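Enquirer: here's a sequence, model it:
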Amino acid sequence: VQVRPGEERLALLGAAFFLLVQAGQVLAINAGDTLLVDRFGVDILPRLFILLGAATLITTTAYAAVLGRPDRARLSLWTLGGLGMAAIVGWLATFSSAAAVYPWLWLGISLINAVIGTLLWVLAGEVCDARQAKRLFALFASAGILGSVLAGFLTGPLARALGAPALLLLNA
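Expert: Predicted coordinates:
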């Protein structure tokens, strides 16, 4: 694994962070897809993907613009907290009786995940120097993949036990 003495804490925390965040992403994606398709079917997806393309361009461009600031780690942590709050708002929106909530919820989940994909690596880059990054980033990525796979396996049982909207709360 190439973790050197004194890096154990960094390696463990980084791997746990990637595992948990990417597990949360998979839970949110699965919940968003389920809630949307259950109400609208798959016919709505082409229009949403077109809208998602435009929204992703705007969102990621704006996010990239603020990444040039000197205190990227603090900005990234605040961004992660804000995205967690957005997931809670999404969960609360599922209590609405308006079906129109679900396309917007799906779009929001997709945009949040686009930003989180960049945010994970920005934070990893902030806490690792170049030599550590060469050795530890593979461990972080592997932990993230493990989190994605575990969340994929747990989605069904969790959704049956808690309901699909609760997966958004777990994501938060």
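Enquirer: where does the chain have its least confident helix or strand?
Expert: Lowest by mean pLDDT, DSSP states H and E among the helices and strands of the chain is helix 72-93, with a mean of 86.
Enquirer: would you pull up how far the helix or strand just after that one lies from the middle of the chain?
Expert: The helix or strand immediately downstream of helix 72-93 is helix 101-127, counting by DSSP states H and E. Offset of helix 101-127 from its chain centre (Cα atoms, centre = their mean, to the nearest Å): 5 Å.
Enquirer: and helix 101-127, what does it pack onto?
Expert: Here helix 101-127 touches helix 8-40, helix 45-66, helix 72-93, helix 130-162, going by 3 or more Cβ pairs under 8 Å, 6 or more residues apart in numbering; DSSP states H and E. Bear in mind the C-beta positions are built from the backbone N, C-alpha and C, glycine included.
Enquirer: that older thread, the least confident helix or strand of the chain to helix 8-40, inter-axis angle?
Expert: For helix 72-93 against helix 8-40, the angle by axes from the mean of the first three to the mean of the last three Cα atoms, to 10 degrees is 30 degrees.
Enquirer: so which elements touch helix 72-93?
Expert: Applying 3+ Cβ pairs under 8 Å, 6+ apart, we find helix 72-93 packed against helix 8-40, helix 101-127, helix 164-171.
Enquirer: distance of R4 relative to L136?
Expert: Using Cβ to Cβ, to the nearest Å, we find R4 at a distance of 9 Å from L136.
Enquirer: between these two, who's got more neighbours?
Expert: Per other Cβ atoms under 10 Å, whichever of R4 and L136 has more neighbours is L136, with 22 against 12.
Enquirer: my guess is the more buried one contacts E8, does it?
Expert: No: taking contacts as Cβ atoms under 8 Å, L136 lies outside contact range of E8: 11.0 Å.
Enquirer: about what we covered before: and among the helices and strands packed on helix 72-93, the most buried is which?
Expert: helix 164-171 (a mean of 21; mean count of other Cβ atoms under 10 Å).
Enquirer: so what touches that helix?
Expert: Residues from elsewhere that reach helix 164-171, judged by Cβ atoms under 8 Å, 6 or more residues apart in numbering: 24-25, 27-28, 30-32, 34-35, 38, 84, 87-88, 90-91, 94-95, 109, 155, 158-159, 162.
Enquirer: same thing but at 10 Å, please
Expert: Contact with helix 164-171 is made by 21, 23-35, 38, 83-84, 86-95, 105, 108-109, 112-113, 116, 151, 154-155, 158-159, 162-163, as judged by Cβ atoms under 10 Å, 6 or more residues apart in numbering.
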